[in-house]
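Engineer: Got a predicted structure plus its sequence, pasted below:
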Amino acid sequence: MENSYLLIFALLLGCLASTIPVFMALFFTGTVGLVYIVGLDPQIVIEVLYRSMDKFALVVVMFFVLCGNIMTTGSIVEKLIKTANIMVGFLPGGLAMAGVLACGFFGAISGSTVATVVAIGGFMIPALIENGYDEKFSVGIMTTAPVLGVIIPPSIAMILYAMVTNDQLEALFLTGFIPGALIMFCMSLYAFFFCKKMGMKQRERPTFSEVLAVMKESIWALLLPVLIFGGIYSGLFTANEAAVVACFYAFFVEIVLHRDMKMVDIKKVVVTSAITSATLLIIVAGASIFGEYLTFEQIPGKIANIVVDNIASPWVFLLSVNILLIFIGMFMDIISATLILTPIFLPLLSKFGVDTMHFGLIMTINLGIGYCTPPLGVSLYISGATVDRDLVYVTRAVLPFLIIQISILLLLTFWPDLVLLLPRLVYG
C-alpha cells in the first residue's frame, strides 16, 4: 500500500515538473489513484467533478475576477494610484509608498497577486524609474508589494480556503486587514528611510485645493472598496452578493461616470474574465479529484499521526509549515496549493490547537510570498520582463522586502491573537 502512495506522488511530481498543465496533472493522478489503486468505478470521477463545480462559493471568485478586469480596462486603477500619490507622494520615497498603498487599494477589490503585479507593478516600476528612483529599489518594492492582493480581502485564496474548511468567509476576510496594514506600513517605512538616505528630491506638499481636486476625481473609485466591505459587514449583503454588486458598480462608474470604458469593451472584459474564471475552475475540478483520492486513502489522517508523533510543539509545527509553504509557493499557484494542501493540514490543526482562521491567514501569506521568492516565483519574471533584467538582478532587488515580509509573517505566526483580533471583535 505504501508503494502505491509513493507511485501516485511520484506521478504527480513528474507531471508538475513537466509541461503538463497543473489541472491535468491533478486530474490524471487523482483518476489513476481512484480507479486503478482504490478500485472505484470511473463514474465516481464524473460525480466528483460535478460536485466540485456545484458550489455557490465559486460564484464570488468569478465575479471578483470580472471586477478586477473592469478596473484594469477602465481608469479606476489609475485613479487609485493618483489618490495614493497625493496622500504620501510629498514624503521621502513618497511615490514608492504610493505604489504600496495602490497595491493595497487594488488588492481590496481584485483578490489576486498576479493581477496586482501586472496592473500596479507594470505601471509603477517605469513611473518610479522616470522620477529618479533607484531601479533595483523600484523593482524590489513593486515586485513584493502585490502580495497584498491576496492578504487584504477579498482574497480568492481565502474564498477557496473557507470553501474547504467551512469557516465563515466574512470572518476569515477580517483576518487579513491587520497583516495587510502591517506590511504596508513596514514597507513604506523602509522606503522612507532608504530614499531619505539616498537624498531623493522631495515633491512639494500638495495644497488643500489639489488634494480636494484629486479626491473629487477619484471619489467613485474609492467608494468601491467601501461599498464591498460596508455592505458585507453591515449585513446589507453577503460576500457573494458583494462581488456581483461590485461588478455592476464598476461597470456603471467606468461607462457612465468616468466614460473611460466603451460599450465595445464590455465583450472583451467579459470574455477575458470568463477565460480566467474557467482556468480557476478547472484547477478546482482537478484538485477535487486528487483530494478525493487522498480522502479515500485517509492520507491526511495518516500524515497527521506521523507529524504528531515526531513534533511535540505547536510552534515547531507552525515554523515547519511556514518553510514548506514558502517553498511550495515558489512553483505552484496559490489556488492549486490551497486546494491540495488544506485538506492535508486540516486534521493537524485540531491536534496542535491551531485556529483554522489563523492558519488560513498564515497559509495565504506564505503562498503569496512564494510568488516573489527566488528562483521560481512568478512575480520575479513579470517584473524582470518589465525592466528587461535577469533573475539574479530581480532576486537581489527583492531580498530586503522579502526579509520584511517574512519577519511580519513570523510575528503573525506566533501571535495568533493579533490575527484573530478583528474576527473576535466583530463576531465574538
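Structural biologist: Good, I have the coordinates.
Engineer: In the stretch 201-350 of the chain, what residue spans correspond to helices?
Structural biologist: When assigned using DSSP state H, counting those that start in this stretch, the helices of the stretch 201-350 of the chain occupy the ranges 208-234, 239-252, 263-296, 299-310, 314-331, 334-352.
Engineer: Which positions in stretch 180-193 come out as buried?
Structural biologist: The neighbour-count check on stretch 180-193 (16 or more other CB atoms under 10 Å) flags 180, 182-184, 186-188, 190-192 as buried. Every residue, glycine included, has its C-beta placed from N, CA and C.
Engineer: Would you mind telling me which of the helices of the stretch 201-350 of the chain is nearest residue 17?
Structural biologist: Taking CB to CB as the criterion, residue 17 comes closest to helix 314-331 out of the helices of the stretch 201-350 of the chain, the separation being 8.9 Å.
Engineer: Next one: the residue nearest in space to the middle of the chain, what pLDDT does it get?
Structural biologist: Centroid-nearest residue in the chain, with CA atoms, centre = their mean: residue 150, separated by 2.3 Å. According to the per-residue confidence, residue 150 scores 83 in pLDDT.
Engineer: following the helix or strand harbouring it, which helix or strand shows up next?
Structural biologist: Using DSSP states H and E, residue 150 falls within helix 148-151. As assigned by DSSP H and E, the chain's next helix or strand after helix 148-151 is helix 156-165.
Engineer: hmm, who's touching the next helix or strand after that following helix?
Structural biologist: Taking DSSP H and E as the definition, the helix or strand that follows helix 156-165 towards the C-terminus is helix 169-174. Applying CB atoms under 8 Å, 6 or more residues apart in numbering, the contact partners of helix 169-174 are 57, 60, 153-155, 158-159, 161-162, 232-233, 238-239, 357, 360-361, 422-423, 426-427.
Engineer: Can you tell me which of the residues you listed are buried?
Structural biologist: Neighbour counting over those (16+ other CB under 10 Å) leaves 60, 153-155, 158-159, 161-162, 232, 239, 357, 360-361, 422-423 as the buried ones.
Engineer: Which pair in these has the greatest spatial separation?
Structural biologist: Pairwise distances across the buried ones among the contacts of helix 169-174 (CB to CB) peak at 19.8 Å, for the pair 60 and 422.
Engineer: Next, the angle from the helix or strand containing residue 386 to helix 314-331.
Structural biologist: Element membership of residue 386 [criterion: DSSP H and E] is helix 378-387. Going by axes from the mean of the first three to the mean of the last three CA atoms, to 10 degrees, helix 378-387 is angled at 40 degrees with respect to helix 314-331.
Engineer: What helices and strands are in contact with the helix or strand just after helix 378-387?
Structural biologist: Proceeding N to C from helix 378-387, the next assigned helix or strand is helix 391-414, under DSSP H and E. Under the contact definition 3 or more CB pairs under 8 Å, 6 or more residues apart in numbering; DSSP states H and E, helix 391-414 sits against helix 135-144, helix 177-197, helix 314-331, helix 356-370, helix 378-387, helix 416-419.
Engineer: With distance to residue 286 as added columns, please give the ones you listed in TSV.
Structural biologist: Conversion of the helices and strands packed on helix 391-414 to TSV gives the following (distance: least, CB to CB, whole Å):
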stretch	distance to residue 286
helix 135-144	29
helix 177-197	30
helix 314-331	16
helix 356-370	18
helix 378-387	19
helix 416-419	30
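Engineer: Mean pLDDT lowest where, among the ones you listed?
Structural biologist: helix 378-387 (a mean of 76).
Engineer: Give me the distance from it to the chain's centre.
Structural biologist: Counting by CA atoms, centre = their mean, to the nearest Å, helix 378-387 is centred 17 Å from the centre of its parent chain.
Engineer: Show me which parts of that helix are buried, residue by residue.
Structural biologist: 378-380, 382-384, 386-387.
Engineer: Could you do stretch 45-63 as well?
Structural biologist: Those buried within stretch 45-63 under the rule 16+ other CB under 10 Å are 45, 48-49, 52, 58-63.
Engineer: can you put those residues in CSV and add distance to residue 138, secondary structure and pLDDT?
Structural biologist: Compiled in CSV, these are given as follows (distance: CB to CB, whole Å; DSSP: H, G, I helix; E, B strand; the rest coil; pLDDT from 0 to 100):
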residue, distance to residue 138, secondary structure, pLDDT
45, 48, helix, 80
48, 46, helix, 79
49, 45, helix, 79
52, 41, helix, 73
58, 37, helix, 72
59, 38, helix, 75
60, 34, helix, 75
61, 32, helix, 74
62, 34, helix, 79
63, 33, helix, 80
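Engineer: Tell me the pLDDT of the residue nearest to residue 335 when sequence neighbours are not counted.
Structural biologist: Leaving aside its sequence neighbours, residue 335 sits nearest to residue 283 (CB to CB, 6 or more residues apart in numbering; 5.2 Å). Residue 283 carries a pLDDT score of 75 in this model.
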